[in-house]
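Peer 1: Just the structure for this:
(one chain, ligands or ions: 1)
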Amino acid sequence: MVEPAPVARAARPAAERASGATARTPVRSAWRSALVGSALGLAAVAAGPFLLDTYTTNILIRALFLAALVVGVDILWGYAGVLTFGQSAFFGVGAYACALVFTHYGFGPGWAVGALALGVLGAAGVAALVGWLAFYHGASPLYASIITLALPIVLVQAIFAGGRFTGSSSGLSAFPTYYWSVGTWFTIAGVYLVAVTAAAWLFVRSDFGRLLVAIRENEERCAYLGVPVSGVKIALMAASGAVGAGAGFGYAAFTNVVAPELGGFLLGTELLIWTALGGRGTLIGPVLGTLGIDVTASYLTGALPFLWSLLIGIAFVAVIVLLPQGVAPVVASGARRLLGRGPAAPSPLALAPAPARAETREGVAAPLKVENLSRRYGSLKVLDGVSFEAQAGAILSIVGPNGAGKTTLMRCLSDGGERTGGRVHVNGVEIGRGAPQTVAALGVGRSFQNTNLFDTLTVGECLTLARYKRDGARKFARRLALDLPQPALDILSATGLSDRLGLETRHLSHGMKRGLELAMVLATEPDVLLLDEPTAGLTKAERTAIGGVLVDLARAHGLCTLLIEHDLDFVREISDRVVVLHQGELLMEGTVEEVVASDLVKAVYAGERAETAP
Ligand SMILES: Nc1ncnc2c1ncn2[C@@H]1O[C@H](COP(=O)(O)OP(=O)(O)OP(=O)(O)O)[C@@H](O)[C@H]1O
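Peer 2: Next up is the predicted model:
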């Protein structure tokens, strides 16, 4: 892969200079709402002990720690789409770190800091390991959820097996701790919750937060844009595990009692129910939902133990059926309507040309080499012994009847795990069994046959996401300025997208979606461009505009382009060479004229079997 020049990396982005904005400028409204929310939260925390009786304050302390725990569930499930049953285990790890250290080793400020560090780092380590098992090998979401389901079960069994050391099923109690007043513990728990929620609020509104939503909506597309999806999920799990362990530690130090249930499966499931009822993907909904439900439960479970569980069950089913997004979005839209306000406007984004890459592609004559490629599904041979080279600065079209294996070929070129035989070299490097993001890092950009993008992301957010490989993603701020390579800017203006950067992609026309798809791939600055029917469903004018950009990309920018197309006139207009696939085999490779004149190709397109053609 051709790395951008160090100078280009160090330079202040052109769009930033043009807009006068600093790339680190946060989204002001997110910071404003985080500050206002934190101030309100802290005021409530300060007033709580004066307004509430001791019993309610005691109950609320537990609810505040659990609400901090639920923030991690909401980020994982509500934003990144990872349904996790295991968050309670991290609460348990933090709680038991406190109880075990204070019971068996010692008590004091040093021991307290050590126990907290043990709990937080231990939980982060366990979470990373579980995340690795769940996500690293590209497992299905169901498999990932089952692994998180096993975690609390394993933890509880380990506590049972710990005998006197862990207190087995009775847990540990009466260990030395800080016997501060209920008001002090209320302040500690409240400040922890406010800090965690405010940080999470800024995080989910940052570029990284939008990346999480993109992963939830279209994980495959993210991987092909070079986003290390598994790594992001593992890091997210580790961070939410650490936050959950901090809450567990605080809870154990406050109550002076720990029991296996603190890390159990039941609490893990309750966290999901509270998140769903409050409104997943809203943060505030799950936090308020947890506070409300846990406090109400404490009052009602004693008097009406069975009725309470029944009520929660009915409420859960009703919300899932009637308000699948939970209560918070309904309340928020009602409040907006009352105040006469629309949804928050997306951040403005200024586009400018990215500095040209210092290294040119001229040194690599054939950035893509395919040797003896094959793909089987069981006994079905979809590709067999396909070999060819694609040159820099040229457009190679892949044609063939339906079912010839063209899309399968694209998949094998962009994902090392797809092929069953043969080798693929990108810029002289064998892709091996590399995942799509690894192949993307070698310089391959792929666009897809369907126009399924990221529905709730705006055009600007999609483009920012596409620059992840080059520019990374800011974790507590939003970009206000984005540098894109000139060809991507050309596509955006040719399809009218440059005026619609704030529009969500689901509102775009088909032609605009295809234009955005292409612009996103070009934004990654690939050396090898794989396009699967980029002009399908487009008007003649849109086809001509995109064709012009593709030719310019090859001639002026030296890009190596592979194109699957059914429109043979379009192929004829823009291609330098053509590969004809038929029944998974390479039937012919040549110039456009040679292929058009071939009787063999005519016979195949006329429906005759290749073997019987003249
Ligand atoms: N996951 C799969 N399992 C089994 N067979 C598959 C799978 N994916 C593709 N195939 C088969 O592989 C063959 C080639 O499919 P492919 O989509 O690559 O063809 P294509 O040339 O792109 O067709 P089209 O022009 O219609 O898009 C087809 O017969 C298809 O049924």
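Peer 1: what's the distance between the residue nearest to the spatial centre of the chain and the ligand?
Peer 2: The structure's the chain has its C-alpha centroid closest to Ile215; by C-alpha atoms, centre = their mean the separation is 2.7 Å. Per C-beta to the nearest ligand atom, to the nearest Å, Ile215 is found 23 Å from the ligand. Yep, even glycine has a C-beta here, placed from its N, CA and C like the rest.
Peer 1: Am I right that that residue is in contact with Gly81?
Peer 2: Yes - contact criterion C-beta atoms under 8 Å: Ile215 and Gly81 qualify, at 6.6 Å.
Peer 1: check contacts around Val70.
Peer 2: When contacts are counted by C-beta atoms under 8 Å, 6 or more residues apart in numbering, Val70 is found next to 87, 271, 274-275, 286-287, 289-290.
Peer 1: Which of the helices or strands spans it?
Peer 2: For Val70, the element it lies in under DSSP states H and E is helix 54-73.
Peer 1: Next: Arg446.
Peer 2: Using DSSP H and E, Arg446 sits in strand 444-447.
Peer 1: any idea how the protein splits into domains?
Peer 2: According to automatic domain parsing, the chain is divided into the following domains: 1-31+445-525, 52-339, 366-443+528-614.
Peer 1: Which one of the residues in the stretch 101-250 of the chain is closest to the ligand?
Peer 2: Taking C-beta to the nearest ligand atom as the measure, the point where the stretch 101-250 of the chain comes nearest the ligand is Glu220, at 13.7 Å.
Peer 1: ok, that residue - contacts?
Peer 2: Contact criterion C-beta under 8 Å, 6+ apart gives Pro436 as the residues in contact with Glu220.
Peer 1: Which helix or strand lies directly C-terminal to the host helix or strand of it?
Peer 2: Assigned by DSSP H and E, Glu220 belongs to helix 219-224. Read in the C-terminal direction, the helix or strand following helix 219-224 is helix 229-255, with elements assigned using DSSP H and E.
Peer 1: can you give me the mean pLDDT across that following helix?
Peer 2: For helix 229-255, the per-residue pLDDT values average out at 96.
Peer 1: same check, this time on stretch 368-375
Peer 2: Across stretch 368-375, the per-residue pLDDT values average to 95.
Peer 1: One more: stretch 70-83?
Peer 2: Here stretch 70-83 scores 95 as its mean pLDDT.
Peer 1: Which positions in it come out as buried?
Peer 2: Buried residues in stretch 70-83, counting neighbours by 16 or more other C-beta atoms under 10 Å, are found at 70-82.
Peer 1: In CSV: those residues, plus distance to the ligand.
Peer 2: Compiled in CSV, the buried residues of stretch 70-83 are given as follows (distance: C-beta to the nearest ligand atom, whole Å):
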residue, distance to the ligand
Val70, 39
Val71, 39
Gly72, 36
Val73, 34
Asp74, 35
Ile75, 33
Leu76, 30
Trp77, 29
Gly78, 31
Tyr79, 30
Ala80, 26
Gly81, 23
Val82, 25
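Peer 1: State whether Ile293 is indeed within a strand.
Peer 2: No - Ile293: not assigned to a strand; according to DSSP: H, G, I helix; E, B strand; the rest coil it is helix.
Peer 1: residue contacts, it?
Peer 2: Shown in contact with Ile293 (C-beta under 8 Å, 6+ apart): 274, 277, 312.
Peer 1: I figured the first one hits Gly289, correct?
Peer 2: Spelled out, that is Trp274. Yes - Trp274 lies in contact with Gly289 (C-beta under 8 Å); the separation is 4.8 Å.
Peer 1: which stretches of the protein form strands?
Peer 2: With DSSP state E applied, the chain shows strands at 172-173, 257-258, 350-353, 368-377, 380-390, 395-399, 421-426, 429-430, 444-447, 481-484, 528-532, 560-564, 577-582, 585-591, listed in chain order.
Peer 1: With Tyr55 as the reference, name the closest of those.
Peer 2: Ranking the strands of the chain by distance to Tyr55, with C-beta to C-beta as the measure, places strand 257-258 first at 17.0 Å.
Peer 1: Pull up the pairing partners for that closest one, direction included.
Peer 2: Using DSSP bridges, the strands paired with strand 257-258 are strand 172-173 (antiparallel).
Peer 1: how many neighbours does the residue nearest to Leu501 when sequence neighbours are not counted have?
Peer 2: If you skip the residues right next to it in sequence, Leu501 has Gly460 as its closest partner in space, 3.8 Å away by C-beta to C-beta, 6 or more residues apart in numbering. The tally of other residues near Gly460 (other C-beta atoms under 10 Å) stands at 24.
Peer 1: what's the answer for Lys540, then?
Peer 2: Look at Lys540: counted by other C-beta under 10 Å, it has 8 neighbours.
Peer 1: so can I have a markdown table of the strands of the chain showing distance to the ligand and mean neighbour count?
Peer 2: As requested, the strands of the chain are arranged in a markdown table below (distance: least, C-beta to the nearest ligand atom, whole Å; neighbours: other C-beta atoms under 10 Å):
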| stretch | distance to the ligand | mean neighbour count |
| --- | --- | --- |
| strand 172-173 | 53 | 19 |
| strand 257-258 | 49 | 22 |
| strand 350-353 | 33 | 19 |
| strand 368-377 | 4 | 18 |
| strand 380-390 | 4 | 18 |
| strand 395-399 | 8 | 25 |
| strand 421-426 | 15 | 18 |
| strand 429-430 | 23 | 14 |
| strand 444-447 | 14 | 26 |
| strand 481-484 | 30 | 26 |
| strand 528-532 | 8 | 25 |
| strand 560-564 | 7 | 26 |
| strand 577-582 | 7 | 23 |
| strand 585-591 | 12 | 17 |
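Peer 1: hey, least reliable of these by pLDDT?
Peer 2: Among these, strand 350-353 scores lowest, at a mean of 83.
Peer 1: Tell me the helices and strands packed up against it.
Peer 2: Packed against strand 350-353, as judged by 3 or more C-beta pairs under 8 Å, 6 or more residues apart in numbering; DSSP states H and E, are the following elements: helix 14-19, strand 481-484, helix 486-494.
Peer 1: And the ones you listed, which one averages the lowest pLDDT?
Peer 2: Within these, the least confident segment by mean pLDDT turns out to be helix 14-19, at a mean of 50.
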